[in-house]
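Undergrad: coords below, sequence missing:
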């Protein structure tokens, strides 16, 4: 008996569905949404390439580099210029303090590896870490994620759980400095 490629793909899809894993099309949808949503813009550190800064895809979606110790954020001026960003595009300072892009890879210790889909969905609904912790800080557009369908939110989570895990402990947020 000769097995055709479509038959093998259907068999693989059925096997994954039986094992409780998302169907490949759900993961592909999640990959698409992560791409068009610009998640790599903040969650993938930049490196210097031949034409200037470019995403370091060897650290895709791993967040602010653990080894990059940031100095105190510059004093923010009064007026319309109220936000600064690190050269890696993974750390941000503003009236909320300093935030660091989270590790979105499925690493169990430093990323989303121990998160459940329900916790991910609750994080989106509540705007809080793990759905109940500290607020998700700017510039994370959690309000935009909230506008996505639940199916799309689940697809994003399925994709994030499917990418390579990268151990990278992102620093905690820093509270704003009280002004005098």
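TA: It's in. No experiment lies behind these values; they were computed from the predicted model shown.

Undergrad: where along this structure do the strands fall?
TA: 46-49, 52-55, 84-85, 91-94, 97-100 (DSSP state E).

Undergrad: which secondary structure elements does the fourth one contact?
TA: Put plainly, it is strand 91-94. In terms of contact count using 3 or more Cβ pairs under 8 Å, 6 or more residues apart in numbering; DSSP states H and E, strand 91-94 is assigned the packing partners strand 84-85, strand 97-100. Glycine gets a C-beta too; all of them are placed from N, C-alpha and C.

Undergrad: Just the mean pLDDT for the shortest one, thanks.
TA: By that I understand strand 84-85. For strand 84-85, the mean pLDDT works out to 92.

Undergrad: by contact count, what packs against that strand?
TA: Using 3+ Cβ pairs under 8 Å, 6+ apart as the contact test, the elements touching strand 84-85 are strand 91-94.

Undergrad: What pairs with the strand it packs on, parallel or antiparallel?
TA: The strands beside strand 91-94 in its sheet (DSSP bridges) come out as strand 84-85 (antiparallel), strand 97-100 (antiparallel).

Undergrad: if we can go back for a sec, save the helices and strands packed on strand 91-94 as a markdown table, and put in mean neighbour count and distance to residue 119 too.
TA: Shown next, in a markdown table, are these (neighbours: other Cβ atoms under 10 Å; distance: least, Cβ to Cβ, whole Å):
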| stretch | mean neighbour count | distance to residue 119 |
| --- | --- | --- |
| strand 84-85 | 14 | 28 |
| strand 97-100 | 21 | 20 |
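
Undergrad: so which of the strands paired with strand 91-94 comes closest to residue 139?
TA: Closest of the strands paired with strand 91-94 to residue 139 is strand 97-100, at 7.5 Å (criterion: Cβ to Cβ).

Undergrad: Figure out how far the closest one is from the centre of its chain.
TA: Mean-position distance between strand 97-100 and its chain equals 15 Å (Cα atoms, centre = their mean, to the nearest Å).
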